[in-house]
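>>> The sequence isn't on hand, but the structure is:
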């Protein structure tokens, strides 16, 4: 036994050693709203203070050729799914076109499959009702505002606050209304930091999605005072400014935007410090990006266009990624990458399998970070209201060439614009006449993509709001999700509707209008082939109530309006639908 024991001891000790199991990285995705490429001092803007983001960028991989959609909801749907927005059912920022199909498989759902805890704080803008809310799409905790922005017409809980909607807002925490004290960006950051602290010992995904610096340009006075006297053009080469479009109003807007961005910078400094204090910095992927170009005319590093444009000023944005345990910081990535690439990339980094039952348009950019050349591919951009308009504000980039359509549906190839981005990054020299062959090649591919996207199932059969389920009761229908006429916003007289999937049952209904209605008219509710009508007493009121109403089953257009004079159609600001049977 004395000869065997010395051999058993090392074997026993070896069996007791803890095996090193790689821990999946935490993911913090930070996105701001309408902050352009030029709205950072690291991008050579001498008039804005962003020390925390600049320092973070210097510690990160800086993507110098990163692209998104020209406007917010499409960008966000692509971030969440790895797919072009039209495939997801997202075709607009309102008009009922900012609801993502519940059948989409999101980044949060993908990470949840490998035991991540997921939280969103800020702007969602992909559906405010079941089954398209964050809680229905893979998030365990959600603190969001409604619609596309705090105080917008669809955000009815803050709409009537007008000039103070960003302060002390009513937000939706895990689908319940809750009043908060303070400035919106501070509130979202505070709750994101709390989420990170609570989940520091397990893999988490924190989506910090600021609504700032989107309009309305409201900011604490402390920050405005930093910029109230600056000239936003000072120290910048005039060739890099859209001088023809800049006015005193755009200069004042820039001051407020810069103040809002500096507030975000201070908030991010707190978040970065918290990650460091918790000792999770090495194994945490942190990404900072923005959703599109600037809304107002100001410095955008000389690029052409801004928000809503398919030129680079509308779709090329900052993108910084830090993951210390895997990639060296303070480096640059010049190969083209895009919002559709985020899901495939995080799938690879987090060991979370992507769905195999649908087309993923993006690809992992990890090979590029490892020094390999990515194969050439095409990147499609468009923006028009409601649905894509053939050849209008539409672009296809492949390699160094980019074809832009800004003409009629039957435009000839000579009417397009062709740019060599490698030689002409500011998109000033149209080469279409000199290189018709390349233009025709790209237009053929553009035509095929327009046809493919136009027949996407989620576009042909758009998502519907579920009413009468136990998942959400009552349901609030808001103006952001109302379809029908183009440009439905805060008009009193407009004919519109919501696409709903209604369960048969008995309901109480409340119709809230922007202004008090004149009495003596009639309230109508059209549901498919059924019309309900009720006379309104003479008293003026902005709220009409129906109780104990039996409603039918089916996918229907829910069309309410109030009429008094001939051809008048007053559409509600919002409708509350509560099932009571």
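Received the coordinates, thanks. The model shown is predicted, which means the values in this text are computed figures rather than measured ones.

>>> And for residue 491, the neighbour number?
Residues near residue 491, counting by other C-beta atoms under 10 Å, number 16. All C-beta atoms are positioned from the backbone trio N, CA, C, and that covers glycine.

>>> And the strands in the stretch 251-400 of the chain, which stretches?
284-290, 319-322, 331-333, 337-338, 378-382, 392-398 (DSSP state E, counting those that start in this stretch).

>>> Now render the ones you listed as TSV, adding distance to residue 122.
TSV is the format used below for the strands of the stretch 251-400 of the chain (distance: least, C-beta to C-beta, whole Å):
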stretch	distance to residue 122
strand 284-290	13
strand 319-322	18
strand 331-333	26
strand 337-338	22
strand 378-382	25
strand 392-398	28
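
>>> hey, which of these is tucked in deepest?
Across the strands of the stretch 251-400 of the chain, averaging neighbours per residue (mean count of other C-beta atoms under 10 Å) puts strand 337-338 on top, at a mean of 28.

>>> Identify all contacting residues around that one.
63, 65-68, 78, 319, 362, 365, 368, 379 (C-beta atoms under 8 Å, 6 or more residues apart in numbering).

>>> swap in stretch 317-333?
25, 35-37, 40, 43, 53, 56-68, 281-293, 337, 349, 365, 368-369.

>>> Could you do stretch 110-122 as well?
24, 27, 108, 134, 138-145, 188-189, 191-192, 195, 199, 202-211, 343, 346-347, 350-355.

>>> now it: how far from the chain's centre is it?
Offset of stretch 110-122 from its chain centre (C-alpha atoms, centre = their mean, to the nearest Å): 17 Å.

>>> Likewise for stretch 396-413?
26 Å.

>>> quick revisit: with distance to residue 508 and mean pLDDT added, can I get the strands of the stretch 251-400 of the chain in CSV?
Shown next, in CSV, are these (distance: least, C-beta to C-beta, whole Å; pLDDT from 0 to 100):
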stretch, distance to residue 508, mean pLDDT
strand 284-290, 42, 98
strand 319-322, 48, 98
strand 331-333, 55, 97
strand 337-338, 46, 98
strand 378-382, 42, 97
strand 392-398, 44, 97
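
>>> So which of those strands is nearest residue 219?
Proximity to residue 219 (C-beta to C-beta) singles out strand 284-290 among these, at 17.2 Å.

>>> helices or strands up against that closest one?
strand 26-32, helix 51-58, helix 248-277, strand 319-322, helix 342-350 (3 or more C-beta pairs under 8 Å, 6 or more residues apart in numbering; DSSP states H and E).

>>> Residue 577: which of the ones you listed is closest?
Nearest of the helices and strands packed on strand 284-290 (C-beta to C-beta): strand 26-32, 32.0 Å.

>>> contacting residues around the closest one?
For strand 26-32, contacts defined as C-beta under 8 Å, 6+ apart pick out 76, 79, 111, 116, 196, 203-210, 212-213, 261, 264, 268, 271, 275, 280, 283-291, 342, 346, 350.

>>> what's the answer for stretch 408-425, then?
303, 312, 389-392, 397, 400-407, 427, 429-433, 435-436, 438-440, 442-443.

>>> Could you do stretch 426-442 as well?
So stretch 426-442 is contacted by 302-305, 311-312, 378, 396, 398, 401-404, 413-414, 416-421, 423 (C-beta under 8 Å, 6+ apart).

>>> do stretch 184-199 as well
Contacts of stretch 184-199 (C-beta under 8 Å, 6+ apart): 26, 28, 117, 119, 121-122, 141, 143, 145, 150, 166-167, 169, 171, 180, 182, 204, 206, 208-212, 260, 263-264, 267-268, 270-271, 274-275, 278.

>>> Quick check on those residues: which are buried?
26, 28, 117, 119, 121-122, 141, 143, 145, 150, 166-167, 169, 171, 180, 204, 206, 208-212, 260, 263-264, 267-268, 271, 274-275 (16 or more other C-beta atoms under 10 Å).

>>> State the three-state secondary structure for the residue nearest to the spatial centre of the chain.
Central residue of the chain (C-alpha atoms, centre = their mean): residue 76, 3.2 Å from the mean position. Three-state call for residue 76 (DSSP: H, G, I helix; E, B strand; the rest coil): helix.

>>> again with residue 197
For residue 197, the assignment made with three-state DSSP gives helix.
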